[in-house]
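In: Sharing a sequence plus its predicted fold:
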Amino acid sequence: MKEKDGVMIGLECHVQLDTVTKLFCGCKTQAEEPNSACCPVCLGHPGSKPVLNAKALDYALKVAAALGCEINREFFFSRKTYFYPDMSKNFQITQYEIPLGLKGSVTLSSGRKIGITRVHLEEDPAALVHESGMGTSNFSLVDYNRSGIPLVEIVTEPDMVSPEEARDFLDQLTTILSYLKVFSPTTGVLKADCNASVYGHARVEVKNVTGKKGVEKALAYEIARQKNLLLNEKNIVRETRAFDEKTMTTRATRGKETEADYGYITDPDLTAFELSEEDIEGMKKALPELHADKAKRFVEELGLDEYTAKVLANNFQLGNVFEQVAKEVESKLAAKFLTRELMAVVNRSELDLDKIELDPEEISALLKLLSSGKITEKVSKQALIVYLTRNIPPTKFVEKQGLSKDLGEGEIEKAVEAVLIQNKQAVSDLKQGKQKSLNFLVGYVMRLTKAKAEPRLVQEMILKKVKGM
Ligand SMILES: [Zn+2]
């Protein structure tokens with residue numbers, strides 16, 4: 001968009017790769033106690049030597065391939081030098097001159113393509129925790145558990161035109177990463193440097209924003225701020241800003257380094273790497289089915305409409321759960337239940353779908369009870385709410401509450417007989433073919449049995465008995 005009021009947004013996304021160990025040492029990536037998962041390598045002690053984690057390289061290459069990048073067969077690592085308390089060795093190992101991948105794209109849900117400039121592998125610095133102490137003393141703690149965690153950096157072209165598009169881009173990106181099984185939406189961290197400008201004016205970078213929602217909010221504030229400056233005939237200064245999650249605003253930071261200030265040098269401890277043509281081809285062939293293809297398959301093979309298919313496939317877990325459940329029950333019932341009922345509970349209770357573990361077997365069992373008429377739709381919805389909000393399996397809930405329509409035929413028959421004796425007028429009306437009386441009698445039996453009878457069976461019994469009267 002190059003209109004007067006147009007906005008240009010580009011993102012530099014840092015996504016944690018879901019490996020067991022760090023990028024250049026054997027320390028674990030998940031640890032409870034601060035500073036419990038670090039060693040001379042990730043702390044940068046003298047004489048320590050980094051060794052590249054093959055899994056992390058494999059994961060980052062998969063990302064580059066899945067985003068349609070050209071993959072560089074030869075690459076190496078560089079040291080980006082700067083001083084900060086989160087960087088005990090005073091440099092970060094990253095890729096600068098030659099990244100793993102160049103020139104890819106991500107397709108938004110609108111169908112618009114966002115260009116990917118580059119994809120590279122790098123290590124995360126440590127985490128700084130800012131605390132306020134007694135009185136006026138403020139202090140910061142450093143947790144080196146994060147130092148050396150593998151990150152894939154994905155840099156986009158300034159192709160996005162609104163905060164909503166940036167959010168959609170991140171949704172699409174994290175879906176792809178989940179399908180590749182290289183990113184965990186539950187434990188993985190996503191951060192982005194957000195570049196935003198109003199067309200024809202200076203670009204501002206909002207650094208280090210955490211999470212998808214954070215990026216959307218930071219950009220919304222920043223763009224409003226820039227437009228407001230222009231409205232008041234003020235200049236937009238090219239600068240780096242930080243996002244404050246508490247106030248949802250951005251503020252100028254003092255850091256004014258440019259890429260040249262980092263004095264990148266090739267890391268002498270890590271040799272140059274070379275991939276064969278076969279390596280790259282083999283890896284491209286081994287890429288799993290991604291969400292766009294999965295949605296297409298849901299339409300073609302399972303007869304879903306395009307919208308429903310996309311809602312299911314756009315979430316890695318939901319798509320997989322649907323596929324499992326659709327093997328057990330009618331696929332349209334499964335799709336409707338997951339996209340409407342389940343998503344309604346998720347949205348209403350503001351739950352994070354990625355943080356809930358769904359068991360396809362439990363959902364299948366619940367839908368079987370529903371489709372066979374053993375429970376009502378209302379009960380299925382109650383069971384779902386309890387499952388999602390309190391993690392009580394639906395089958396347990398139904399069993400415990402005695403909500404299953406489990407009356408035996410003998411008991412139902414007794415109830416039917418009692419109702420027929422008590423409602424002589426309705427019976428004679430029914431004999432004369434009045435459909436309303438049948439509904440009345442069925443309703444009566446359902447009330448008497450506390451809805452624990454199968455309505456179709458009740459109806460059949462009533463008709464049979466009335467006929468013989
Ligand atoms: Zn280590």
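Out: Perfect, I can see it now.
In: can you count the residues close to whichever residue of the stretch 201-350 of the chain sits closest to the ion?
Out: The minimum distance from the stretch 201-350 of the chain to the ion, using Cβ to the ion, falls at Asp269 (14.2 Å). Just so you know, the C-beta spots here come from the backbone N, C-alpha and C atoms, and that holds for glycine as well. Asp269: 14 surrounding residues under other Cβ atoms under 10 Å.
In: Any buried residues in stretch 193-201, and which?
Out: By neighbour count on 16 or more other Cβ atoms under 10 Å, the buried set for stretch 193-201 is Asp193, Cys194, Asn195, Ala196, Ser197, Val198, His201.
In: and which of those residues is nearest the ion?
Out: Of all those, the ion sits closest to Asp193, with 25.6 Å by Cβ to the ion.
In: List the contacts of that closest one.
Out: Neighbouring residues of Asp193 by Cβ atoms under 8 Å, 6 or more residues apart in numbering: Leu11, Glu12, Glu205, Val206, Lys207, Asn208, Val209.
In: Same check on Val466?
Out: Listed by Cβ under 8 Å, 6+ apart, the contact set of Val466 reads Leu420, Val427, Leu430, Lys431.
In: What of Pro150?
Out: Contacts for Pro150 (Cβ under 8 Å, 6+ apart) come out as 16-17, 19, 22-23, 29, 53, 56, 59-60, 121, 123-124.
In: Please work out the average pLDDT along the longest helix belonging to the chain.
Out: If you go by DSSP state H, the chain has its longest helix at helix 212-231. Regarding helix 212-231, the rounded mean pLDDT is 93.
In: distance between that helix and the chain's centre?
Out: 24 Å (Cα atoms, centre = their mean, to the nearest Å).
In: now do stretch 278-292
Out: Counting by Cα atoms, centre = their mean, stretch 278-292 is centred 22 Å from the centre of its parent chain.
In: Equivalent analysis for stretch 246-266, please.
Out: That offset, for stretch 246-266, works out to 29 Å (Cα atoms, centre = their mean).
In: in that stretch, what counts as buried?
Out: Residues of stretch 246-266 classed as buried: Thr249, Thr250, Tyr262, Tyr264 (neighbour count, 16+ other Cβ under 10 Å).
In: now for whichever strand or helix holds the second one, which elements pack on it?
Out: Using DSSP states H and E, the secondary-structure element containing Thr250 is strand 249-252. Helices and strands in packing contact with strand 249-252 are listed as helix 212-231, strand 239-244; criterion 3 or more Cβ pairs under 8 Å, 6 or more residues apart in numbering; DSSP states H and E.
In: could you give the angle of the last one to helix 212-231?
Out: The one in question is strand 239-244. With axes from the mean of the first three to the mean of the last three Cα atoms, to 10 degrees defining the directions, strand 239-244 sits at 130 degrees from helix 212-231.
In: Relative to strand 239-244, what are the paired strands and their orientations?
Out: strand 204-210 (parallel), strand 249-252 (antiparallel) (DSSP bridges).
In: any chance of these in TSV, with distance to Thr174 too?
Out: Converted to TSV, the strands paired with strand 239-244 look like this (distance: least, Cβ to Cβ, whole Å):
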stretch	distance to Thr174
strand 204-210	13
strand 249-252	23
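In: can you tell which of the ones you listed is closest to Asp359?
Out: Nearest of the strands paired with strand 239-244 to Asp359, taken as Cβ to Cβ: strand 204-210 at 30.0 Å.
In: Only the buried residues of that closest one, if you could.
Out: By neighbour count on 16+ other Cβ under 10 Å, the buried set for strand 204-210 is Val204, Glu205, Val206, Lys207, Asn208, Val209.
In: ditto for stretch 280-295
Out: Applying a neighbour-count criterion of 16+ other Cβ under 10 Å, one finds Ile280, Met283, Leu290, His291, Ala292, Lys294, Ala295 buried in stretch 280-295.
In: Low-confidence bits of the stretch 351-469 of the chain, can you list those?
Out: 402-408 (pLDDT under 70).
In: I'd like to know which of the helices and strands packed on strand 249-252 lies nearest to Phe139.
Out: Ranking the helices and strands packed on strand 249-252 by their distance to Phe139 (criterion: Cβ to Cβ) puts strand 239-244 first, at 18.9 Å.
In: Determine how far that closest one lies from the middle of the whole chain.
Out: Mean-position distance between strand 239-244 and its chain equals 26 Å (Cα atoms, centre = their mean).
In: Distance-wise, check Val63 relative to Val106.
Out: The gap separating Val63 from Val106 is 11 Å, by Cβ to Cβ, to the nearest Å.
In: Right, I'll leave it there.
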